[in-house]
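Got a predicted structure here, sequence first:
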Protein chains: 4
Amino acid sequence: MSATPASTPAKKTAPDAARRSERSRRAIYDAALGLVGEIGYPRTTIEGIAARAGVGKQTIYRWWGSKAEVLMEAFIDLNEQNARAAAANHPGVPVGASGLPDTGDLAADLKLVLRATVDELQDPRFEAPARALAAEGLADREFAEGFVRRLLMPGLDLYTARLRSAQEAGQLRADIDPETARDLFVSPIAQRWLQGTGPLDHAYTDRLVEYALYGIAARPATP
Amino acid sequence: MSATPASTPAKKTAPDAARRSERSRRAIYDAALGLVGEIGYPRTTIEGIAARAGVGKQTIYRWWGSKAEVLMEAFIDLNEQNARAAAANHPGVPVGASGLPDTGDLAADLKLVLRATVDELQDPRFEAPARALAAEGLADREFAEGFVRRLLMPGLDLYTARLRSAQEAGQLRADIDPETARDLFVSPIAQRWLQGTGPLDHAYTDRLVEYALYGIAARPATP
Amino acid sequence: MSATPASTPAKKTAPDAARRSERSRRAIYDAALGLVGEIGYPRTTIEGIAARAGVGKQTIYRWWGSKAEVLMEAFIDLNEQNARAAAANHPGVPVGASGLPDTGDLAADLKLVLRATVDELQDPRFEAPARALAAEGLADREFAEGFVRRLLMPGLDLYTARLRSAQEAGQLRADIDPETARDLFVSPIAQRWLQGTGPLDHAYTDRLVEYALYGIAARPATP
Amino acid sequence: MSATPASTPAKKTAPDAARRSERSRRAIYDAALGLVGEIGYPRTTIEGIAARAGVGKQTIYRWWGSKAEVLMEAFIDLNEQNARAAAANHPGVPVGASGLPDTGDLAADLKLVLRATVDELQDPRFEAPARALAAEGLADREFAEGFVRRLLMPGLDLYTARLRSAQEAGQLRADIDPETARDLFVSPIAQRWLQGTGPLDHAYTDRLVEYALYGIAARPATP
DNA sequence: GCTTAAACGAGACGGTACGTCATGTCTTTGA
DNA sequence: TCAAAGACATGACGTACCGTCTCGTTTAAGC
């Protein structure tokens, strides 16, 4: 888990990661998340982060390329801490190899997880930085790539894996593409959260599961 | 009627819209769309728009509150022009009351329209401003409200209406919520376009229609 | 004294002075003097004058070339009113042909008038516009010429005339240049008022008269 | 003991003068004087100074409060350089303790110095900034105080000292106030220079000395 | 008394400069 | 020897006025 040795930006001469001040790194993460939560991402500035972290601006520019990158790493770090804490609190939750619950009842499992996802999306500690990162991704394709790969995909892949598992168990049609199928559940939630195109609650996610699993077309009357 | 006589928010003293320069308005729209297309939204500045439009900055600040608002109106205007041009070019296209094709074959109609939607989303003239507006909406809830109401919803409502029509024709289950159903088709496209979580092509949209209409769950063997 | 028919600035086509609104002219004078007194000359703007006078900006630009010109005419008008009022209040004051008191005692007359001048210079209603006009004159040679000719010289000429009268009466050396002599009294007051190089009071002006009339050099002992 | 150990007025946080860029300071002085000389003070802008100096606007705002302050320091600096250059060129000029020539002949000394002063006032390199600073002093009393103290008084005090020296030598009446006496010579020059109330040449200054020293009143015939 | 042209109030317009803020780079200084 | 502190050049921000230019509305003159 230590620093990502390959991804050193290495303009000029690459700084020596071994000498990096852990205390500064943490202070910068805290300042970035704090400011984004308190005054919003657009009004959060690198100067502001440096000042609150008690750090020189150069210390930020040395290790990150933009405030978006700072925030992304701060957010990833926050998620890792939360995941560790959650794992510590609920040591025995039975999950499939996919990382999602796998009780055999696909509909129930999906409903459960989607409800939890919706709740997490609306947790204010997550919402502000997550929206900011999503916005940055819209404006900057390169940033978006990293954002999707490092933050979004790991979560989406859990669903894909769970669907593949269901497919192997014969609960899903064999000709289904799991990624497309995954989008039927996940994307509507994403869009309502990103754009506010409608209410985002448990009833909605339950409906999504029902409709996607069994289709919305009228069934021919079975005489 | 309606005019909105009451809704004058009137910061300072509201300018007199009757004296507004149409020539300046058009020049500002053109400059805004041009710059966003050429150098991208973040590097587009109000000063740059004013300079390219040959207009004083104050003329922009007099009528709009931010570059996002300028771009939204420019984009809406662009869409209206395109719609008018399209209507002029294809005067006799048979559409349902909903505004979407309604041949009676729901699956075919949806596939057709979704393919067209995907193509439009990837038209470079649309993509840059649309992504910029979506990004702005992520950062500013109030802006998002206007963005959704003025740009997104009119498009989404066409789908909702088409689905309701299908429901009345007995092609859709009667207990289906049309807005949730609409999201099954539309949101996956939106997310792939917004975040780049996967390829966005005709095969994908066709699959979405198939899966959503008939469900992805394995069917019990019909003996 | 009527309008100066030759000096019409006549950019574009000269406006018709006969149709000029007296009410607007007065309102502009009052607004200009009021604003200069209240917020100072630099923060007084043409827009501000127009707004306070309830007048369109163009009405100012039609008749004057700058805010300095407006203020100069307003100030001249104020002085004329004051002069009329003073003349009405003291109908029988005996003055020489020069306009200054001429009792035959040059020293006494000068002391009296210089004391009055100093008092007037320090009247707050006069001070603000007068200083502003003097400042404008420093920056703009052309304006200065008009300022001196229309405002300053008429006052200075009174002193010159009084000195010439004294010269004819044999009280002043015959070889004295009256304008240089006048400066000995007037310029020190002007400089202290303009630049604040020292206190400006009656004792000072009395001293000036003494020194200038009788010289500051030690007299050879008269045995 | 008494916070604010020195005179830290400290708007925001006072900048660290030790880190100040000497190169920028010099470039700003040169640009300010150059622009004032070329296009005049009113059309000289802080943006223009910054641009010509190759300096950010903020660097000006960091160290000065207005363009008038910039120009005053630039002008003081110019005078100091000139004084140094003059001292280097004429190393052995005999001057009194006052800094003005003191040959024992007061009239001759004054005439000499006043002629030089008049010449300097009309040197175009001095005239433009000096008039601008004087104008600014008229509009801003606080600025005037600094202008007088830092620029005007040092010059005037030379005259006062010379007169005091003459007084001690018995050439001036003992009851004369030297500052008032000084104004008899200096103020007329100042006013003619500031306001253009008359020609400013050597004949004029010679006359001033004569008149002031020996008085303008007719002398009683000495029988 | 009616017509007509100008001056008028209002204020939108293309501009310029303001003074502030944040950027990303570079330099100084103290631990 | 690093990192904090922060000065620097750059450039956009949003505001205030500039002087010009329409707009309709008085208003006074001349028919």
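Cool, the structure landed.

how about the helix ranked longest in chain A, does it reach chain B?
Secondary structure of chain A per DSSP state H: the longest helix is helix A:67-89. No - using Cβ under 8 Å from any Cβ of the partner chain, no contact is recorded between helix A:67-89 and chain B, whose separation bottoms out at 10.8 Å. For every residue, glycine as well, the C-beta is placed using N, CA and C.

pLDDT averaged over that helix, what's the number?
Taken as a whole, helix A:67-89 carries a mean pLDDT of 88.

Report the mean per-residue pLDDT for whichever helix or strand comes after that helix.
Per DSSP states H and E, helix A:67-89 leads on to helix A:106-121 as the next helix or strand towards the C-terminus. Averaged across helix A:106-121, the pLDDT comes to 95.

Identify the residues contacting the helix or strand just after helix A:106-121?
Going down the chain from helix A:106-121, the next helix or strand is helix A:124-139, by DSSP H and E. Residues from elsewhere that reach helix A:124-139 (Cβ atoms under 8 Å, 6 or more residues apart in numbering or on different chains): A:33, A:36-37, A:40-41, A:68, A:71-72, A:74-75, A:78, A:120-121, A:143-144, A:147-148, A:151, A:194, B:40-42, B:131-132, B:134-136, B:138-139, B:194-196.

Now, of these, which are buried?
A:33, A:36-37, A:41, A:68, A:71-72, A:74-75, A:78, A:121, A:143-144, A:147-148, A:151, A:194, B:41, B:131-132, B:134-136, B:138-139, B:194-196 (16 or more other Cβ atoms under 10 Å in any protein chain shown).

ok, back up a step: could you confirm whether the longest helix of chain A reaches DNA strand F?
No - judged by Cβ under 7 Å from any atom of the strand, helix A:67-89 and DNA strand F are separated, with a smallest distance of 13.5 Å.

which parts of that helix are buried?
Per 16+ other Cβ under 10 Å, helix A:67-89 contains these buried residues: A:67, A:68, A:69, A:70, A:71, A:72, A:73, A:74, A:75, A:77, A:78, A:79.

Ok, stretch A:108-119 next?
Those would be A:109, A:110, A:111, A:112, A:113, A:114, A:115, A:117, A:118, for stretch A:108-119 by 16+ other Cβ under 10 Å.

What is the lowest-mean-pLDDT helix or strand in chain A packed up against?
Ranking every helix and strand in chain A by mean pLDDT, DSSP states H and E puts helix A:67-89 at the bottom, with a mean of 88. When contacts are defined as 3 or more Cβ pairs under 8 Å, 6 or more residues apart in numbering or on different chains; DSSP states H and E, helix A:67-89 packs onto helix A:22-39, helix A:46-53, helix A:124-139, helix A:141-147.

re earlier: for the buried residues of helix A:67-89, which one is nearest chain C?
Ranked by distance to chain C (Cβ to the nearest Cβ), these are led by residue A:67 at 39.1 Å.

Could you report the separation of the closest residue to that closest one other than its chain neighbours from DNA strand E?
The shortest distance from residue A:67 to any non-neighbouring residue, by Cβ to Cβ, 6 or more residues apart in numbering or on different chains, is to residue A:46 (5.3 Å). Distance from residue A:46 to DNA strand E, counting by Cβ to the nearest atom of the strand, to the nearest Å: 4 Å.

what number of residues lie near residue A:46?
By other Cβ atoms under 10 Å in any protein chain shown, the residues close to residue A:46 number 16.

Any stretches of chain A with poor pLDDT?
For chain A, residues meeting the criterion pLDDT under 70 lie at A:1-19, A:90-98, A:220-223.

Per the annotation, how does it divide into domains?
Following automatic domain parsing, chain A resolves into domains at A:19-76, A:93-218.

Would the host helix or strand of residue A:164 count as contacting chain B?
Following DSSP H and E, one finds residue A:164 within helix A:153-168. Yes - Helix A:153-168 is in contact with chain B by Cβ under 8 Å from any Cβ, via A:153, A:156.

show me the contacts for residue A:181.
A:163, A:172, A:212, B:211, B:216.

Give me the distance between the two termini of stretch A:135-148.
12 Å (Cα to Cα, to the nearest Å).

Residue of chain A closest to chain B, please.
Counting by Cβ to the nearest Cβ, chain A gets nearest to chain B through residue A:215 (3.1 Å).

How about that residue: what's its closest non-neighbour residue?
Using Cβ to Cβ, 6+ apart, the nearest residue to residue A:215 is residue B:215, at 3.1 Å.

quick one, phi psi at that neighbour?
Note on residue B:215: backbone dihedrals following degrees, to the nearest 10 are phi 80, psi 160.

Neighbours of it, how many?
22.

Look up how far chain C lies from it.
69 Å (Cβ to the nearest Cβ, to the nearest Å).

Please name the residues that touch that residue.
A:211, A:212, A:213, A:214, A:215.

before we move on, the earlier item: so how far is residue A:108 from the residue of chain A closest to chain B?
Distance, residue A:215 to residue A:108, by Cβ to Cβ, to the nearest Å: 19 Å.

what does residue A:204 give?
Residue A:204 is 17 Å from residue A:108, by Cβ to Cβ.

Could you give the number of residues near the residue of chain A found nearest chain D?
Per Cβ to the nearest Cβ, residue A:51 is where chain A lies closest to chain D, at 11.5 Å. For residue A:51, the neighbour count with other Cβ under 10 Å is 14.

mind listing what it touches?
If a contact means Cβ under 8 Å, 6+ apart, then residue A:51 has no contacts.

and what of residue A:107?
A:209, A:210, A:213.

How many residues are close by residue A:141?
Considering only other Cβ under 10 Å, residue A:141 is surrounded by 11 other residues.

oh sorry, the question was meant for residue A:38
Residue A:38: 11 neighbours (other Cβ under 10 Å).

Can you give me the distance of the residue lying closest to residue A:49 once chain neighbours are set aside to residue C:184?
Closest residue in space to residue A:49, ignoring its immediate chain neighbours: residue A:31 at 4.7 Å, by Cβ to Cβ, 6+ apart. As for residue A:31, its distance to residue C:184 is 71 Å (criterion: Cβ to Cβ).

So for those two, which residue has more residues nearby?
residue C:184 (26 against 22).

interface residues of chain A facing DNA strand E?
A:11, A:43, A:45, A:46, A:47, A:48, A:57, A:58, A:61, A:66, A:67.

show me the contacts for the residue nearest to residue A:67.
Residue A:46 neighbours (Cβ under 8 Å, 6+ apart): A:57, A:60, A:61, A:67, A:70.

Which residue, other than its chain neighbours, is closest to the third one?
Leaving out its chain neighbours, the residue that sits closest to residue A:61 by Cβ to Cβ, 6+ apart is residue A:46, at 7.6 Å.
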